[in-house]
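Asks: here are the coordinates; sequence isn't available:
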Ligand SMILES: [Zn+2]
């Protein structure tokens with residue numbers, strides 16, 4: 001991988017980080033973002049204790065798939081074990097985004113999964129977004145719990161913590177993070193308006209599938 005290509009990935013991570021902050025998905029030093037370096041067993045990740053808006057391309061940390069630091073800042077993000085576990089489990093994943101998106105995080109506190117209730121959510125996340133039971137941030141147990149679930153989902157809620165999304169590009173993983181937050185807001189509003197019993201997921205799924213096949 002050329003230095004220019006790594007510089008390009010670093011710049012895209014920084015741009016995406018600022019957008020996550022501007023869109024209200026992260027506050028303070030919370031959240032982290034990483035991207036695999038194609039053709040290698042390494043990825044670049046945000047250092048710990050840095051606010052997204054102050055992130056610089058040269059400050060990103062290079063780590064291996066076991067989460068060991070190879071180069072960069074003195075401290076890697078606390079959640080590096082989650083990122084490393086996902087890259088080990090999913091060869092197709094190029095980027096991982098972890099935020100404390102407020103509405104989706106509230107769903108995790110309420111132990112409520114986010115359902116594919118609108119067509120865009122159904123297209124992107126047909127199985128919805130499940131809640132991974134609480135484990136301490138940065139722990140091996142949390143990385144293992146995420147690794148087990150991510151095999152079947154592109155987005156997860158971490159109970160009492162935040163959300164994780166993955167993608168085949170940095171931009172796709174960020175977009176999914178925003179979609180999960182929007183899906184949580186819409187589900188909350190729909191349930192508030194109609195009541196939980198009025199929403200029939202099986203009926204909705206049938207409708208969405210019919211629409212897809214008649215296109
Ligand atoms: Zn977190």
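Replies: Cool, got the structure. Because the structure is predicted, anything quoted here is derived from the model rather than measured.

Asks: the residue nearest in space to the middle of the chain - nearest residue in space that isn't next to it in sequence?
Replies: Residue closest to the mean C-alpha point of the chain, counted by C-alpha atoms, centre = their mean, is residue 165 at 2.1 Å. Leaving out its chain neighbours, the residue that sits closest to residue 165 by C-beta to C-beta, 6 or more residues apart in numbering is residue 176, at 4.0 Å. Glycine gets a C-beta too; all of them are placed from N, C-alpha and C.

Asks: what stretches of this protein score poorly on pLDDT?
Replies: 1, 211-215 (pLDDT under 70).

Asks: tell me where it has strands.
Replies: Using DSSP state E, the strands of the chain run over residues 32-36, 42-45, 61-64, 69-71, 95-99, 131-132, 155-158, 162-167.

Asks: which parts of the fifth one are buried?
Replies: Judged by neighbour count using 16 or more other C-beta atoms under 10 Å, the buried positions of strand 95-99 are 95-99.

Asks: roughly how far is stretch 169-186 from the heart of the chain?
Replies: 8 Å (C-alpha atoms, centre = their mean, to the nearest Å).

Asks: other SSEs contacting the longest helix seen in the chain?
Replies: Longest helix in the chain, counting residues (DSSP state H): helix 170-194. Judged by 3 or more C-beta pairs under 8 Å, 6 or more residues apart in numbering; DSSP states H and E, helix 170-194 is in contact with helix 3-22, strand 32-36, strand 95-99, helix 102-109, helix 119-124, strand 155-158, strand 162-167.

Asks: picking up where we left off before, need the strands of the chain in CSV (columns: distance to residue 140).
Replies: Putting the strands of the chain into CSV (distance: least, C-beta to C-beta, whole Å) gives the following:
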stretch, distance to residue 140
strand 32-36, 17
strand 42-45, 17
strand 61-64, 16
strand 69-71, 17
strand 95-99, 16
strand 131-132, 14
strand 155-158, 15
strand 162-167, 16
